[in-house]
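Task: produce atomic coordinates for the following.
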Amino acid sequence: MDHAADGAPALEERVEPDVERALEQLWGCIRSGDFIRAAGRAVRLQESTDDPATLARVEAALGLILQRMGRAVEARERFEQAASWAVADGHRSAYLADASMSRLLGGDLAGAERIAREAQRLADVNHNWPAMCEATNTLAAVSQSRGDPHTALALARQAVALGESPSTMTGGSPMPHLYLGLALIDLDRFDESDAAFTTGLEKVRREQNTAQAAWYLGFRCLERFLCGRWDDASLDAAETLAAAESSGTVVTRPMAAGLWAAVEAFRGNDSAARAIIERTGVPRLGAFGGFGEESVMLAYGALAGEPAAHLEALMEAWYLRRARPYLVGWRSIAPVLVRSALDAGESLLAEAVTREAVEGSRLAGDVPSATTSGLRCQGLLAGDPEILDAAIGPAAESGRPFVLGHTCLDAGRAWLAAGETARGVGLLRDAWDEFQTLRATVWMTRTGQLVARHAAVPSPRSPLEMTGWANLTTAERAVARLAATGLTTPAMAANLRVSSRTVQSHLAHIYTKLGIHSRVELAARMSPMSEYSPVTPNA
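Sure, this is the predicted structure:
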């Protein structure tokens with residue numbers, strides 16, 4: 001997303017030494033984030049030469065400046081102009097690859113795909129592997145935006161292999177690990193995603209490329225936010241904003257500021273959340289916004305004091321992701337928007353969002369977080385606790401604790417509305433536990449208030465009633481014993497030396513096999529069973 005096709009001219013391009021020196025000074029200004037001086041140097045170069053190759057390189061430089069500023073449509077025009085002036089097809093392929101990425105950032109998926117394929121064709125003929133890598137990056141992001149993370153992953157892996165080829169570009173090399181990490185996020189493979197972003201970040205830091213570091217930090221912030229590493233996400237957000245400030249990469253700021261502010265808002269630190277957004281001065285980057293601007297609106301929604309303001313912020317967030325419909329954000333936004341729309345009596349809006357979420361779930365296949373989003377929207381729209389119950393298993397498997405907490409909360413509310421108080425309260429307690437691991441005090445308070453209002457603990461059952469125990473695996477029995485003691489998910493994970501995601505997956509299977517719905521029911525059933533008495537924590 002921050003690669004420009006500047007570099008050593010092809011053999012047939014004759015560039016005077018003073019022009020070459022001026023071009024290097026231009027790129028030096030861009031690397032330091034001094035776009036005003038860079039623009040001035042670009043104008044002087046344009047006025048001092050009629051050499052097409054030189055003019056093409058200047059246009060590419062201006063395109064990168066505009067892309068970093070989030071002005072994707074103007075950037076695309078500059079890159080395409082550079083391609084039309086390029087003397088060598090090798091350079092033309094690089095300019096087209098950059099143009100394809102700008103079209104993606106601007107929301108033109110069809111145009112991005114078409115130009116990326118042309119860039120690939122020229123790059124293949126001319127052995128320009130950096131351009132081939134950048135065009136493949138674009139195609140990976142297009143596939144993901146259309147709801148196919150599996151194809152996106154395959155393309156991103158191809159781009160990583162291409163990215164190992166030495167780059168001749170001085171404007172910056174492609175960032176294949178960024179797109180690899182993005183595809184892995186949408187497949188709920190967070191450990192691998194984190195490793196991809198970290199690998200890419202280490203590479204660009206060695207190259208002292210602060211602009212590209214801002215991209216890697218911003219998307220690692222997103223990944224860590226989704227998988228519940230909120231403290232680490234906040235640190236990455238702060239680093240993203242610092243890198244964006246020093247390099248002029250304004251386009252990376254909205255996502256970082258929005259996610260950081262959301263963490264503070266969910267933890268009850270409203271003044272800190274507002275200060276982050278105000279200090280950042282988040283702009284609107286084009287008609288559909290830039291990457292991450294929906295995160296800012298989610299933060300505003302968390303800060304909203306009135307239901308109407310909350311709904312308006314969520315609608316804006318949903319609108320902003322339309323440029324890239326199924327790229328990352330939709331799974332989190334859709335169920336919350338459906339719930340808010342129904343509370344406001346906006347049934348048509350809730351139905352429309354549900355249709356898109358169900359389609360996204362279908363396109364993604366068996367990805368747990370996509371399945372969860374579709375089921376939650378359907379269950380909320382129908383007011384059906386059984387459908388919401390069905391969303392809990394995939395939510396646990398997704399490795400997204402905030403999503404799991406809200407899924408349990410949705411199901412708990414639905415069971416309360418259906419008159420199943422014990423069942424509902426049990427799920428609310430599970431929701432509270434997930435929010436507690438994140439220190440999401442706002443949601444802990446709201447959930448705790450519901451529990452206090454409806455608290456009822458089910459009567460213990462005899463061991464004979466616990467007929468599903470024999471069907472549990474050894475690992476599931478260990479988790480069941482610990483869960484019955486009241487340990488949190490992270491504590492159980494530490495005790496068993498596994499990940500929290502694994503514990504959540506085991507719990508989902510335990511509930512299914514035992515025909516229960518919460519840890520409260522599990523504890524009640526196990527309490528009279530000396531044979532199955534809970535193990536001592538950390539034993």
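
Next, the contact list for residue 346, please.
By Cβ atoms under 8 Å, 6 or more residues apart in numbering, the contact list for residue 346 reads residue 311. The way it works is simple: take the backbone N, C-alpha and C, and place the C-beta from them, glycine included.

next one: phi and psi at it?
For residue 346, the backbone dihedrals are phi -90, psi 70 (criterion: degrees, to the nearest 10).

per-residue confidence at it?
Looking at residue 346, its pLDDT is 97.

Kindly report the same for the one 10 residues further on.
Per-residue confidence at residue 356 stands at 97 (pLDDT).

Quick check, it in contact with residue 331.
No. Using Cβ atoms under 8 Å as the test, residue 356 is too far from residue 331 to be in contact (11.0 Å).

Name the helix or strand for residue 433, please.
helix 421-438 (DSSP states H and E).

who has more neighbours, residue 356 and residue 331?
residue 331 (27 against 20; other Cβ atoms under 10 Å).

what's the nearest residue to that one if we skip its chain neighbours?
residue 373 (4.1 Å; Cβ to Cβ, 6 or more residues apart in numbering).

Which strand or helix spans that neighbour?
helix 368-382.

Return the distance of that helix from the chain's centre.
18 Å (Cα atoms, centre = their mean, to the nearest Å).

and what of stretch 436-456?
26 Å.

List every C-alpha atom in it, with coordinates, as PDB.
Only the C-alpha atoms of stretch 436-456 are listed here, as PDB (Å, rounded to 0.1, in the frame of the first residue of the first chain):
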ATOM      1  CA  GLN A 436     -13.500  -9.300  32.500                       C
ATOM      2  CA  THR A 437     -10.500 -10.800  30.700                       C
ATOM      3  CA  LEU A 438     -10.400  -7.700  28.500                       C
ATOM      4  CA  ARG A 439     -11.000  -5.300  31.400                       C
ATOM      5  CA  ALA A 440     -13.900  -4.000  29.400                       C
ATOM      6  CA  THR A 441     -15.500  -2.300  32.400                       C
ATOM      7  CA  VAL A 442     -18.400  -0.700  30.500                       C
ATOM      8  CA  TRP A 443     -19.600  -4.100  29.300                       C
ATOM      9  CA  MET A 444     -18.900  -5.800  32.600                       C
ATOM     10  CA  THR A 445     -21.100  -3.200  34.300                       C
ATOM     11  CA  ARG A 446     -24.000  -3.600  31.800                       C
ATOM     12  CA  THR A 447     -23.800  -7.400  31.900                       C
ATOM     13  CA  GLY A 448     -23.500  -7.400  35.700                       C
ATOM     14  CA  GLN A 449     -26.600  -5.300  36.100                       C
ATOM     15  CA  LEU A 450     -28.600  -7.800  34.000                       C
ATOM     16  CA  VAL A 451     -27.300 -10.700  36.100                       C
ATOM     17  CA  ALA A 452     -28.200  -8.900  39.300                       C
ATOM     18  CA  ARG A 453     -31.700  -8.200  38.000                       C
ATOM     19  CA  HIS A 454     -32.400 -11.700  36.900                       C
ATOM     20  CA  ALA A 455     -30.000 -13.800  39.100                       C
ATOM     21  CA  ALA A 456     -31.100 -17.400  39.600                       C
END
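
can you list contacts of it?
228, 230, 265-268, 302, 401-402, 405-406, 409, 412-413, 416, 421-422, 424-425, 428-429, 431-432, 435, 488-490, 500.

What residues does residue 37 make contact with?
Residue 37 touches residue 29, counting by Cβ under 8 Å, 6+ apart.

in what helix or strand does it lie?
helix 35-48.

Let me know the next secondary structure element after that helix.
Using DSSP H and E, the first helix or strand after helix 35-48 is helix 52-68.

immediately after that next one, which helix or strand?
helix 72-85.

and the angle for that following helix with helix 52-68?
170 degrees (axes from the mean of the first three to the mean of the last three Cα atoms, to 10 degrees).

Tell me how this protein divides into domains.
The chain resolves into domains spanning 1-186, 188-323, 329-454, 463-532 when parsed by automatic domain parsing.

who touches residue 343 in this structure?
Residue 343 neighbours (Cβ under 8 Å, 6+ apart): 307, 311.

How confident was the prediction at it?
95.

hey, where'd the helices end up in the stretch 151-300 of the chain?
176-186, 190-206, 210-226, 230-247, 253-266, 270-280, 293-303 (DSSP state H, counting those that start in this stretch).

coming back round to it: confirm for me that the residue nearest to residue 331 is in contact with residue 361.
Yes. Between residue 373 and residue 361 there is a contact at 6.2 Å, judged by Cβ under 8 Å.

Look at those two and report which has more neighbours.
Per other Cβ under 10 Å, whichever of residue 373 and residue 361 has more neighbours is residue 373, with 31 against 26.

From residue 349, how far off is the more buried one?
Distance from residue 373 to residue 349, counting by Cβ to Cβ, to the nearest Å: 16 Å.

Please apply the same query to residue 421.
31 Å.

Comparing the two, which residue is more hemmed in?
Legend: neighbour count by other Cβ under 10 Å for residue 421 and residue 349, higher for residue 349 (19 against 14).

which residues sit in contact with that one?
315, 337, 341 are the contacts of residue 349 under Cβ under 8 Å, 6+ apart.

Of these - the most surrounded one?
residue 337 (28 neighbours).

Can you tell me the SS state at that residue?
helix (DSSP: H, G, I helix; E, B strand; the rest coil).

Am I right that it is in contact with residue 353?
Yes. If you go by Cβ under 8 Å, residue 337 and residue 353 touch, sitting 5.3 Å apart.

Touching both of the two, which residues are there?
Taking Cβ under 8 Å, 6+ apart as the criterion, residue 337 and residue 353 both touch residue 318.

tally of neighbours for residue 127?
Neighbours of residue 127 (other Cβ under 10 Å): 11.

Let me know the distance separating it from residue 134.
Residue 127 is 15 Å from residue 134, by Cβ to Cβ.

cool, and residue 332?
Counting by Cβ to Cβ, the gap from residue 332 to residue 134 is 29 Å.

List the buried residues for the helix holding residue 433?
Residues of helix 421-438 classed as buried: 422-438 (neighbour count, 16 or more other Cβ atoms under 10 Å).

For whichever helix or strand comes after it, which residues meet the burial criterion?
Of the helices and strands lying after helix 421-438 in sequence (DSSP H and E), the nearest is helix 441-454. For helix 441-454, a neighbour-count test (16+ other Cβ under 10 Å) marks 443-444, 447-448, 450-451, 454 as buried.

again with stretch 53-61
Those would be 53-61, for stretch 53-61 by 16+ other Cβ under 10 Å.

ok, so of those, who is nearest residue 510?
Distance to residue 510 across the buried residues of stretch 53-61 (Cβ to Cβ) is lowest for residue 60, with 57.3 Å.

Give me the local confidence score for the closest one.
93.

Name the nearest residue to it, sequence neighbours excluded.
Residue 60 sits nearest to residue 82 (Cβ to Cβ, 6+ apart), 4.4 Å away.

ditto for residue 19
residue 54 (5.7 Å).

and what of residue 339?
Residue 339 sits nearest to residue 380 (Cβ to Cβ, 6+ apart), 5.3 Å away.

quick one: contacts for residue 334?
Contacts of residue 334 (Cβ under 8 Å, 6+ apart): 318, 353-354, 356-357, 360, 373, 376-377.

ok, now how distant is the spatially closest residue to it that is not a sequence neighbour from residue 375?
Counting by Cβ to Cβ, 6+ apart, residue 334 lies nearest to residue 357, which is 4.0 Å off, once chain neighbours are set aside. The spacing between residue 357 and residue 375, counted by Cβ to Cβ, is 9 Å.

Lowest mean pLDDT among the helices and strands, pick that one out for this structure.
Between all helices and strands in the chain, the lowest mean by mean pLDDT, DSSP states H and E belongs to helix 519-526, at a mean of 74.

If you count contacts, what does that helix end up packed against?
With contacts taken as 3 or more Cβ pairs under 8 Å, 6 or more residues apart in numbering; DSSP states H and E, helix 519-526 sits against helix 421-438, helix 474-484, helix 500-514.

Report the buried residues of the shortest one.
Yep, that's helix 474-484 we're talking about. In helix 474-484, counting by 16+ other Cβ under 10 Å, buried: 476-484.
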